[in-house]
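A.B. asks: Next input, structure requested:
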Amino acid sequence: MTLQLGFHIGQQNLSFTELRSLWQRLDQQGADWISLWDHLYEAPPANGTQDHFEAVSLLGALAADTSKARIGCLVFYVGYRNPALLAKIAATLDHISEGRFELGLGAGWHSQEAHAFGYDFPGIGARLDMLDEAAAIIRSMLSQPRTDFSGHYFSVHQVSNLPVPQQPELPLWIGGLGEQKTLKIVAEHASGWNAAYVSPTDFGRLNGVLNNWCDRLGRDPKSIRRSVNLSFHLSLSSKALQAERTRISADWGAGAARIEAGSLLCLPNEAVDRILDYREQGAEQINVALRAPWQAEALDCYLNQVMPAIRAATD
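C.D. replies: Prediction:
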């Protein structure tokens, strides 16, 4: 299978006009995938001090403004919206995009925004149980005429979801790195798994854990697509590269080492090998995550030089 090359946009510190221009350009220049994230505040957390747009509203515009790329959200935190509502949103966005929408779900991590907006944000165990219930409800509502589900956190009663999505099977992604629960939920419910900001070695190890869960649950591992998000820090000079390292450290503090390990933090002549390292570890889709500000010349280089080189090496 040809390696898919996508983009994951953080909708912060950009005007709506700039966002529209960006995703239209990416669509026109051959992106296989364009997604947003589901945050209410900026990431990394800065206590709501930066401009940031809500995801569902923007996805409608993204769906209408593009015509080629698959689109989605990586990932919706299931604590912000009732899962039945998310299934309805997904079906609607699939129609706006004419069958290009893919739904991503996760257990969330941004406690600062959740508390500020008045949402409960329980411990990770409870949030994973919420994800498990939400995935079951949504998977059913995207494929069955009626759904009944009575869980500890979510319930639906003979609910329908009309009109049905345009796609015969709207893909459901689950994002996360947890080996004991998250990857088990992926094996039980998902069409795809997304890992964010991990090294090639860690991605390969987690990919093997997911395969083991598939074997234990009787699921064909090949039926689950595998993708990874890499923070975009491509640079055209050694000086600019060091500036990107400094930026990661300032933005992420104690978490900087993990983000750096899962970044496209290199010069252009190193980028192809860096991305192919993930393919060798089982990734079928690589999304570079754009968090403004980035180096405009570096993005030009990625679109016009790196992506064609990767396609030539993998086709």
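
A.B. asks: From the rest of the structure, what touches the helix or strand where W23 lies?
C.D. replies: Assigned by DSSP states H and E, W23 belongs to helix 16-28. For helix 16-28, contacts defined as C-beta atoms under 8 Å, 6 or more residues apart in numbering pick out 7, 9, 11, 14, 34, 53, 58, 61-62, 65-69, 290, 303. No exception for glycine: its C-beta is placed from N, CA and C like everyone else's.

A.B. asks: With just CA atoms, put it into CSV.
C.D. replies: Taking Å, rounded to 0.1, in the frame of the first residue of the first chain, the C-alpha atoms of helix 16-28 are listed here in CSV:
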residue,chain,number,x,y,z
PHE,A,16,-9.9,32.0,9.8
THR,A,17,-8.8,33.4,6.5
GLU,A,18,-5.3,32.0,7.1
LEU,A,19,-6.7,28.6,8.0
ARG,A,20,-8.8,28.4,4.9
SER,A,21,-5.9,29.4,2.7
LEU,A,22,-3.7,26.8,4.3
TRP,A,23,-6.0,23.8,4.0
GLN,A,24,-7.0,24.8,0.4
ARG,A,25,-3.3,24.9,-0.5
LEU,A,26,-2.6,21.5,1.1
ASP,A,27,-5.6,20.0,-0.7
GLN,A,28,-4.4,21.4,-4.0
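
A.B. asks: Tell me the helix or strand right after it.
C.D. replies: Next helix or strand after helix 16-28 toward the C-terminus (DSSP H and E): strand 33-36.

A.B. asks: Return the distance of the helix holding W23 from the chain's centre.
C.D. replies: 18 Å (C-alpha atoms, centre = their mean, to the nearest Å).

A.B. asks: just the strands in the chain please.
C.D. replies: Secondary structure of the chain by DSSP state E: the strands cover 4-9, 33-36, 70-73, 76-77, 101-106, 147-150, 155-159, 172-175, 192-196, 225-232, 263-264, 285-290.

A.B. asks: Can you lay out these as a markdown table showing distance to N47?
C.D. replies: Formatted as a markdown table, these follow (distance: least, C-beta to C-beta, whole Å):
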| stretch | distance to N47 |
| --- | --- |
| strand 4-9 | 22 |
| strand 33-36 | 21 |
| strand 70-73 | 23 |
| strand 76-77 | 18 |
| strand 101-106 | 22 |
| strand 147-150 | 37 |
| strand 155-159 | 35 |
| strand 172-175 | 24 |
| strand 192-196 | 22 |
| strand 225-232 | 21 |
| strand 263-264 | 24 |
| strand 285-290 | 22 |
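
A.B. asks: Those: which one's closest to T314?
C.D. replies: T314 lies closest to strand 4-9 among those, at 9.2 Å (C-beta to C-beta).

A.B. asks: Can you give the strand pairings for the closest one, parallel or anti for each?
C.D. replies: Next to strand 4-9 in the sheet, as set by DSSP bridges, lie strand 33-36 (parallel), strand 285-290 (parallel).

A.B. asks: quick one: the longest one to strand 192-196, angle?
C.D. replies: Angle between the axes of strand 285-290 and strand 192-196 is 40 degrees (criterion: axes from the mean of the first three to the mean of the last three C-alpha atoms, to 10 degrees).

A.B. asks: just the angle between the helix holding W23 and strand 285-290, please?
C.D. replies: 150 degrees.

A.B. asks: Now helix 16-28: buried residues?
C.D. replies: 19-20, 22-23, 26-27 (16 or more other C-beta atoms under 10 Å).

A.B. asks: same thing with stretch 118-130?
C.D. replies: Quick answer for stretch 118-130 (16+ other C-beta under 10 Å): 121, 127-130.

A.B. asks: can you list contacts of it?
C.D. replies: With C-beta under 8 Å, 6+ apart, stretch 118-130 has contacts from 78-80, 107-108, 111, 114-115, 152-154, 178, 181-182, 185.

A.B. asks: repeat for stretch 84-102
C.D. replies: 56, 59-60, 63-64, 66-67, 69-72, 76, 78, 81, 103, 105, 134, 137-138, 141-142, 147, 154, 156, 159, 161, 163-167, 170-173, 191-192.

A.B. asks: Does Q158 touch R146 like I think?
C.D. replies: Yes - between Q158 and R146 there is a contact at 5.0 Å, judged by C-beta atoms under 8 Å.
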